[in-house]
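1. Make a model of this:
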Amino acid sequence: MDQRVYLLKNGAATDLTLAVSQFDSISSSITMDLGTDYIYVGTSLPFNHRWLEIGTANATASTPTIEVWYAGAWKEAVDILDRTSSSGASMALSGNLEFTPNRDFGWDIEQDSIDIAELVNAPLTYNKYWMRISFSATITFSLDYVGQKFADDADLYGKYPTFDSSSLLTAWQSGKTNWDKQHFLAADELVEDLISRRIAWDRNQVIDLASLKNPAVHKAATIIFRGLGANRNPEQLKDAIGKYHSTMNKKQWRMDLDGDGLLDQNERKASTIFMSR
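-> Have a look, this model is predicted:
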């Protein structure tokens, strides 16, 4: 568990970590008041995105503010891309919340979370980089998952239209309406593969989401094919596995090698050979 997620409401802390870090039906209902309430995310390395799986959508017009912990204070991030927004309301859709830490400041690791005044009443955790999210209005929504997801059903159907089928969905599981869980599992397995190949050593080094979309689609396809049982086509499974390995055999990967939450020019050009030494 390299991630902690806390909700702070008027100084009172709720630990959401277990509820939002697993692919299950547990949902956290949240009301965040303007000016007092924050969601805090602590991780093992700096990062620039989190997928937020929304259960019940917010309908109130709002925008997020993201702040990063640096030099004993909160510094506002820049270049926020809120893919959870719909019709001006944040937390209305499931999607990635992306941001860039201000390069004039950056991130600082905090050895003891209680050394951050706002987290003194939250469960103690060690050696984390912290960011927090607030909103421009009082909003209500439910949060199912906070993590990583690199592709969705639209991406999957673009390459594997056969999966756009209610019969295949129910062949996998009765009442199933989408492949969300398989996309989450694909992201998790993809990151583990990057680590095993010594391309990365921590999931938070993933900075360039677009570069992982294709392998994530093929990894999800292999997971789906394997779970279809009697409906599985061995040749299609073999093809998906081959395409996954092909997209993973890149000469260059855009990873955050120095752990600052940014992708600099050297990291844009760093080769797999260099990173595996």
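2. counting residues per helix, which one in this structure is longest?
-> Criterion DSSP state H: the longest helix present in the chain is helix 180-196.
3. helices or strands up against that one?
-> The contact analysis (3 or more C-beta pairs under 8 Å, 6 or more residues apart in numbering; DSSP states H and E) places helix 180-196 against strand 139-147, helix 153-159, helix 213-226. Glycine gets a C-beta too; all of them are placed from N, C-alpha and C.
4. Now distance to residue 5, mean pLDDT and mean neighbour count too, for those, in CSV please.
-> Formatted as CSV, the entries for these read as follows, by distance: least, C-beta to C-beta, whole Å; pLDDT from 0 to 100; neighbours: other C-beta atoms under 10 Å:
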stretch, distance to residue 5, mean pLDDT, mean neighbour count
strand 139-147, 5, 96, 20
helix 153-159, 25, 97, 15
helix 213-226, 23, 96, 23
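5. related to what we said a few turns ago, just the residues contacting the longest helix of the chain, thanks.
-> Residues from elsewhere that reach helix 180-196 (C-beta atoms under 8 Å, 6 or more residues apart in numbering): 23, 53, 145, 147-153, 156, 200-203, 206, 212, 215-217, 219-220, 223-224, 227, 248, 253, 255.
6. How about residue 95, nearest residue that isn't a chain neighbour?
-> Residue nearest to residue 95 in three dimensions, not counting chain neighbours: residue 83, with 3.3 Å by C-beta to C-beta, 6 or more residues apart in numbering.
7. can you pull the contacts of that neighbour?
-> Under the criterion of C-beta under 8 Å, 6+ apart, the contact list for residue 83 reads 93, 95-98.
8. who wins for neighbours among those residues?
-> Comparing the contacts of residue 83 by number of neighbours (other C-beta atoms under 10 Å), residue 97 comes first, having 21 neighbours.
9. any idea of the pLDDT on it?
-> We have a pLDDT of 98 for residue 97.
10. who's in contact with the host helix or strand of it?
-> Under DSSP states H and E, the secondary-structure element containing residue 97 is strand 95-100. Identification of contacts with strand 95-100 by C-beta under 8 Å, 6+ apart yields 48-52, 64, 66, 77-84, 131, 133, 149, 209, 261-262.
11. out of those residues, which are buried?
-> Of all the contacts of strand 95-100 considered here, the ones buried according to neighbour count by 16 or more other C-beta atoms under 10 Å are 48-52, 64, 66, 77, 80, 82, 84, 131, 133, 149, 209, 261-262.
12. Return the subset of those residues lying in strands.
-> Those of the buried ones among the contacts of strand 95-100 mapping onto strands are 49-52, 64, 66, 80, 82, 131, 133, per DSSP state E.
13. circling back to that earlier point, quickly name whichever of the contacts of residue 83 is closest to residue 37.
-> Taking C-beta to C-beta as the measure, residue 37 lies nearest residue 97 of the contacts of residue 83, at 16.4 Å.
14. Could you point out the bridge partners of the closest one in the sheet?
-> Listed beta-bridge partners, residue 97: residue 50, residue 82 (assigned using DSSP bridges).
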